[in-house]
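Q: based on what follows, work out the 3D shape:
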Amino acid sequence: MKAWGKIERLKRERTSHPTEELDRLGWAWYEEIKDELEEKHHGDYVMIEVDSGDYFVGETPQEALQRAENAYPDKVFCLIRIGYEAAHKLK
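A: The predicted structure follows:
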């Protein structure tokens, strides 16, 4: 449980948005760009910086995150798998 505490602390330090709000804003931005993204990048991942709407695409979540953190090192992002309702399936 130590990792969850660290994640929650980082969220508080990096964004003023609660998790639900971060998710809602990310999906709202995604709706604006989804046609273009789904045509060109279906199955890839997009990290969305919810305050600006800037987004970063990668073939993996790590690649998209690296691009996003290069531009916004002190932010958290909404991760979406392009063309899917969820980024990952949990068993």
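Q: strands of the chain, start to end?
A: Shown for the chain, the strands assigned by DSSP state E span residues 45-48, 55-58, 78-81.
Q: next one: stretch 49-66 to chain centre, how far?
A: 6 Å (CA atoms, centre = their mean, to the nearest Å).
Q: now that stretch: buried residues?
A: 49-50, 55-58, 61, 64-65 (16 or more other CB atoms under 10 Å). To be clear about C-beta, it is placed using only N, CA and C from the backbone, and glycine gets the same treatment.
Q: would you format the strands of the chain as JSON lines with distance to residue 17 and mean pLDDT included?
A: JSON lines is the format used below for those (distance: least, CB to CB, whole Å; pLDDT from 0 to 100):
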{"stretch": "strand 45-48", "distance to residue 17": "12", "mean pLDDT": "96"}
{"stretch": "strand 55-58", "distance to residue 17": "16", "mean pLDDT": "97"}
{"stretch": "strand 78-81", "distance to residue 17": "9", "mean pLDDT": "94"}
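Q: closest one to residue 23 among those strands?
A: Closest approach to residue 23 among the strands of the chain is made by strand 78-81 (6.1 Å; CB to CB).
Q: list of residues touching that closest one?
A: The contact list for strand 78-81 (CB atoms under 8 Å, 6 or more residues apart in numbering) reads 22-23, 25-27, 29-30, 43-48, 50, 61, 64-65, 87-88.
Q: give me the buried subset of those residues.
A: Buried among the contacts of strand 78-81 by 16+ other CB under 10 Å: 22, 25-26, 29-30, 44-48, 50, 61, 64-65.
Q: quick one: mean pLDDT for the helix ranked longest in the chain?
A: Longest helix of the chain, by residue count under DSSP state H: helix 19-41. Across helix 19-41, the average pLDDT comes to 94.
Q: I'd like to know which elements it is packed against.
A: strand 45-48, strand 55-58, strand 78-81 (3 or more CB pairs under 8 Å, 6 or more residues apart in numbering; DSSP states H and E).
Q: would you convert those into TSV that also reports distance to residue 39?
A: As requested, the helices and strands packed on helix 19-41 are arranged in TSV below (distance: least, CB to CB, whole Å):
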stretch	distance to residue 39
strand 45-48	13
strand 55-58	12
strand 78-81	15
